[in-house]
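Participant: coordinates only, sequence not included:
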């Protein structure tokens, strides 16, 4: 079960802007096992999407992947040629985006766009076979009257329907890995639940693993097996979903969990994390969370925290993690 | 099923909505009518013209407009009416061929510059800047006075080769905005190649301004060729409105029809194309 599908080691993705180098992702290590959902959580601008685009190798100038390995099924994606990488995109790895309203090309019908996705990676299919595959995919993602909707344009679909189409498109080539970048953020809550259910059931049908990027902890709790918490371009804690929610050890994770409104406790004020996310152009030395951390000591702003495995499969990047053992949850 | 009927009402693509806007406007209909007449005359002039446009009726030089010669004859006794009809063919040919060159070059270079950016963009845009500094008419005058043969082909080629920068700039700006759209990124994630994205995904979205610019450019090209011919540097063997104007302008007091008729033809054609272009711009909601 826990065979790694993708292993990211020491990934560094920087953006060279006029205002300096933005260290969007720095020294990130991450493992996604086969058949699992890895939830990647963090505040806006902490490097989640950059990480996803790095995996797809779709980082555009002024961005650049400087170092690291992204080992996918035994191959380092960063070493593939552009042509080989194009076969991986949509074939082995595909992606869905936050905004389903603009993810589809407005001038082509739903059917055309799905057909293209199918045809790109299965060139030997005949025209009616492609059509048949598209109907199956539309059916699979719960779009009724697939034959009728085939020749509809994107503007004739609602947001939820479009996200279903995007999922159909992403899964049309039965990828091993689906990267979902905030797939439910722009949908309303009932549709969110439907889309999550759909993703979970399709995972089994197509034997796909999911990297789910979100800032919505509720979504992560609902669907993820493993969770990685990112802060300011770095992963600060990684572990089982249950561990992260119930037995998290990093002060940032604790603060993040504390800021979730709870229904079972009377709260007058929501907890919040003091300070703001640091600039990634000039991140604080040592632990990047140290300026906002209530447990920070002098060393925190001097030493870059190493990986500390507090228990098998539960990794924390905090030098005080053992001292802080007793703060419980 | 009821649901679908509701949608059928809104089932208007960008272009059918544009078409409705277009036909609501009287001015645009006028432009369209003029252009359609121009095309009709250009295609059917051999059947519409009463005489061979090159035939000289000796003894009938400078004939006044009459039932025999509807718009009179010129200094060589040729029927002005027949020549005006055939002139439509030349003008339209000049317009279409030079704009074809403009469109192919402009769209290709503009899309590559806009999509790839960086060094490619810099090089293409600096070349467009250089070409934009060259006045088309002056260069054509220069070429005509150097070359022995003055052919329409060269004129059309030069208009085309000097005219693409405006198109390239418009296309580039379209690509600059479209390449940031999520659907382009989504197309990349399913493994579409750069060329596939440039021509299959973005180009259809950028079509509206291309159509508008092309229409307006046809008018400019026709006017350029007419100016050149009027100055006596056009193709002397072709039947063109500019050349007719050139031959008629000295006798404008004694035989005004020889100059006025082709002048009117140029005027109406250019107005028609500009009206059509403006109407398309409004209908397609293009901001240039």
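Facilitator: On my side now, so go ahead. Quantities reported herein were computed from a predicted structural model and do not represent experimental measurements. Numbers count the residues shown, from 1 in each chain, chains lettered A, B, ... in the order given.
Participant: tell me where the chain has helices.
Facilitator: All of this is about chain A. Using DSSP state H, the helices found in chain A span residues A:48-56, A:82-88, A:110-121, A:127-140, A:146-149, A:159-171, A:189-206, A:217-223, A:241-246, A:251-258.
Participant: you answered for a different chain; I wanted chain B.
Facilitator: Under DSSP H, chain B gives helices at B:2-9, B:14-24, B:26-48, B:80-116, B:118-132, B:136-146, B:152-178, B:182-189, B:194-196, B:207-230, B:241-248, B:257-283.
Participant: what's in contact with the fifth one?
Facilitator: In this case it means helix B:118-132. Residues outside helix B:118-132 that contact it (CB atoms under 8 Å, 6 or more residues apart in numbering or on different chains): A:61, B:109-110, B:112-114, B:162, B:164-166, B:168-169, B:172. For the C-beta atoms, the positions are set from N, CA and C on the backbone; glycine is no exception.
Participant: just want the most central residue of the chain.
Facilitator: Let's take chain A. By CA atoms, centre = their mean, chain A has its centre lying nearest to residue A:213, at 2.7 Å.
Participant: wait, I meant chain B there
Facilitator: Geometric middle of chain B (CA atoms, centre = their mean) lands on residue B:218, at 1.0 Å.
Participant: can you count the residues close to the closest residue to residue B:276 other than its chain neighbours?
Facilitator: Of all residues not flanking residue B:276 in the chain, residue B:31 sits nearest, at 3.6 Å (CB to CB, 6 or more residues apart in numbering or on different chains). If you count neighbours by other CB atoms under 10 Å in any protein chain shown, residue B:31 ends up with 23.
Participant: right, and residue B:31 touches residue B:275 too?
Facilitator: Yes - between residue B:31 and residue B:275 there is a contact under CB atoms under 8 Å: 3.0 Å.
Participant: follow-up on the earlier one: any chance of a markdown table for the helices of chain B, columns distance to residue A:69 and mean pLDDT?
Facilitator: As requested, those are exported to a markdown table (distance: least, CB to CB, whole Å; pLDDT from 0 to 100):
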| stretch | distance to residue A:69 | mean pLDDT |
| --- | --- | --- |
| helix B:2-9 | 49 | 39 |
| helix B:14-24 | 45 | 83 |
| helix B:26-48 | 60 | 94 |
| helix B:80-116 | 28 | 96 |
| helix B:118-132 | 27 | 95 |
| helix B:136-146 | 56 | 90 |
| helix B:152-178 | 34 | 94 |
| helix B:182-189 | 21 | 88 |
| helix B:194-196 | 26 | 91 |
| helix B:207-230 | 43 | 94 |
| helix B:241-248 | 68 | 92 |
| helix B:257-283 | 52 | 93 |
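Participant: which residues touch the nearest residue to residue B:249 once chain neighbours are set aside?
Facilitator: Leaving aside its chain neighbours, residue B:249 sits nearest to residue B:259 (5.0 Å; criterion: CB to CB, 6+ apart). By CB under 8 Å, 6+ apart, the residues touching residue B:259 are B:244-245, B:248-249, B:251-252.
Participant: ditto for residue A:215
Facilitator: For residue A:215, the contacting residues are A:41-44, A:48, A:182, A:185, by CB under 8 Å, 6+ apart.
Participant: pull the most distant pair out of the contacts of helix B:118-132.
Facilitator: Comparing all pairs in these by CB to CB, the longest separation belongs to A:61 and B:162, at 32.1 Å.
Participant: more neighbours: those two, which one.
Facilitator: Each of residue A:61 and residue B:162 has its neighbours counted (other CB under 10 Å); residue B:162 has more, 21 against 10.
Participant: that one contacts residue B:134, correct?
Facilitator: Yes - counting by CB under 8 Å, residue B:134 is a contact partner of residue B:162 at 5.9 Å.
Participant: quick one: common contacting residues for the two?
Facilitator: Common neighbours of residue B:162 and residue B:134, counting by CB under 8 Å, 6+ apart, are absent.
Participant: contacts for stretch A:248-257, please.
Facilitator: With contacts defined as CB under 8 Å, 6+ apart, stretch A:248-257 is touched by A:41, A:217, A:229, A:231, A:236-237, A:239, A:244-245, A:271, A:273, A:289, A:292-295, A:310, A:314, A:316-318, A:320-321, A:324-325, A:327, A:329.
Participant: show me which of those are buried.
Facilitator: With burial judged by 16 or more other CB atoms under 10 Å in any protein chain shown, the buried subset of these is A:41, A:217, A:229, A:231, A:236-237, A:239, A:244-245, A:273, A:289, A:292-293, A:295, A:310, A:314, A:316-318, A:320-321.
Participant: right, is stretch A:147-160 up against chain B?
Facilitator: Yes - counting by CB under 8 Å from any CB of the partner chain, chain B is contacted by stretch A:147-160 at A:148, A:152-153, A:156.
Participant: got the contact list for residue 203?
Facilitator: Unless you meant another one, I'm taking chain A. Contact partners of residue A:203, counting by CB under 8 Å, 6+ apart, are A:35, A:37, A:178, A:209-210.
Participant: was after chain B, sorry
Facilitator: Contact analysis of residue B:203 by CB under 8 Å, 6+ apart lists B:107, B:111.
Participant: residues near residue 283, how many?
Facilitator: Picking chain A for this. Using other CB under 10 Å, residue A:283 is surrounded by 18 other residues.
Participant: you looked at the wrong chain, it should be chain B
Facilitator: 21.
Participant: how about the residues of the stretch 151-288 of chain B near chain A?
Facilitator: Neighbours of chain A within the stretch 151-288 of chain B, by CB under 8 Å from any CB: B:181-183, B:185-193, B:200-201, B:204-205.
Participant: nearest to residue B:69, of those?
Facilitator: For these, the nearest to residue B:69 is residue B:204 (49.9 Å; CB to CB).
Participant: residues near the closest one, how many?
Facilitator: What residue B:204 shows, counting by other CB under 10 Å, is a neighbour count of 14.
Participant: so it makes contact with residue A:109?
Facilitator: No - under the criterion of CB under 8 Å, residue B:204 makes no contact with residue A:109, lying 12.0 Å away.
Participant: what's the spacing between residue A:246 and residue A:253?
Facilitator: Distance, residue A:246 to residue A:253, by CB to CB, to the nearest Å: 11 Å.
Participant: repeat that for residue B:55.
Facilitator: When distance is defined by CB to CB, residue B:55 is 94 Å away from residue A:253.
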